[in-house]
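Trainee: Pasted the sequence and its predicted model underneath.
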Amino acid sequence: MNVSAILDAGFKEHGALLQATRDAVKEPFTQLVSVCIEAILNENKIILFGNGGSASDAQHIAAELVGRYVSDRMPIPAISLATDSSALTAISNDYGFEHVFERQLTGLGTAGDVAIGLSTSGNSPNVIRALQAARTLKMTPAGFAGNTGGAMQDIASPVLVVPSSETPRIQEMHILLGHLLCAAIEQGLGLTQDDD
């Protein structure tokens, strides 16, 4: 095993994808920041959901918003649908795993919320169903995806598509974009503190 080669290859792939991702998501990222700020100003919330690593990212981003990203400030209303083990298992058992986010979103969401689905392929059936429900419920369906964006591209807008087919690299970009989204929302809401 060549540990140095693994390290070097990982950093090389990550570095090459950084600029490509920035170029690919610049416009939809600006749109996502705008709809999130508008939702918060209208006393709505941000709802995030995904599977596996994307579930962790959804939970991470929601925690940064409700807690704090950088500045001490009022909490920003956000929730992850991937954290309630009782709801996840009950809905999966009674209705099927493809309904696990849709059912929660229908119960917890309101018109004007922003529903952000995370899926590295853009094709996760339970994420797609929830985004379809978000449209029906007059929320803004948005997403983080990879590769070509998958089915998410036809359902959600804006969608941040990381131009890679490598799941680990997509996930690395997703959490970076999540952090930057938190920073932009804080600044856009005037919640950042000057350091001078």
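Mentor: Done, it's in.
Trainee: would you list every one of the strands in this structure?
Mentor: Here the chain has its strands, by DSSP state E, at 46-50, 78-80, 114-118, 140-146, 159-162.
Trainee: Need the winner for burial among these.
Mentor: Counting by mean count of other C-beta atoms under 10 Å, strand 114-118 has the highest mean neighbour count of the strands of the chain, with a mean of 30. In short, each C-beta sits where N, CA and C put it, glycine included.
Trainee: Is it possible to get CSV of the strands of the chain that adds distance to residue 16 and mean pLDDT?
Mentor: Converted to CSV, the strands of the chain look like this (distance: least, C-beta to C-beta, whole Å; pLDDT from 0 to 100):
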stretch, distance to residue 16, mean pLDDT
strand 46-50, 24, 98
strand 78-80, 30, 98
strand 114-118, 22, 98
strand 140-146, 15, 98
strand 159-162, 12, 98
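Trainee: how about those strands in JSON lines, adding distance to residue 65?
Mentor: JSON lines is the format used below for those (distance: least, C-beta to C-beta, whole Å):
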{"stretch": "strand 46-50", "distance to residue 65": "6"}
{"stretch": "strand 78-80", "distance to residue 65": "4"}
{"stretch": "strand 114-118", "distance to residue 65": "11"}
{"stretch": "strand 140-146", "distance to residue 65": "14"}
{"stretch": "strand 159-162", "distance to residue 65": "16"}
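Trainee: Give me the number of neighbouring residues for the residue nearest to residue 21 when sequence neighbours are not counted.
Mentor: Setting aside the residues directly before and after it, residue 21 is nearest to residue 173 in space (C-beta to C-beta, 6 or more residues apart in numbering), at 4.7 Å. Counted with other C-beta atoms under 10 Å, residues neighbouring residue 173 total 25.
Trainee: Might you report the residue contacts of residue 173?
Mentor: By C-beta atoms under 8 Å, 6 or more residues apart in numbering, the contact set of residue 173 is 17, 18, 21, 146, 162, 164.
Trainee: Pick out the most distant pair among those.
Mentor: Greatest spatial distance among the contacts of residue 173 (C-beta to C-beta): 18 and 146, at 14.3 Å.
Trainee: what does stretch 77-94 contact?
Mentor: The contact list for stretch 77-94 (C-beta under 8 Å, 6+ apart) reads 40, 44-51, 55-56, 58-59, 61-63, 65-66, 99-101, 103-105, 108, 130.
Trainee: first to last residue in that stretch, what's the distance?
Mentor: Terminal residues of stretch 77-94 are spaced 29 Å apart (C-alpha to C-alpha, to the nearest Å).
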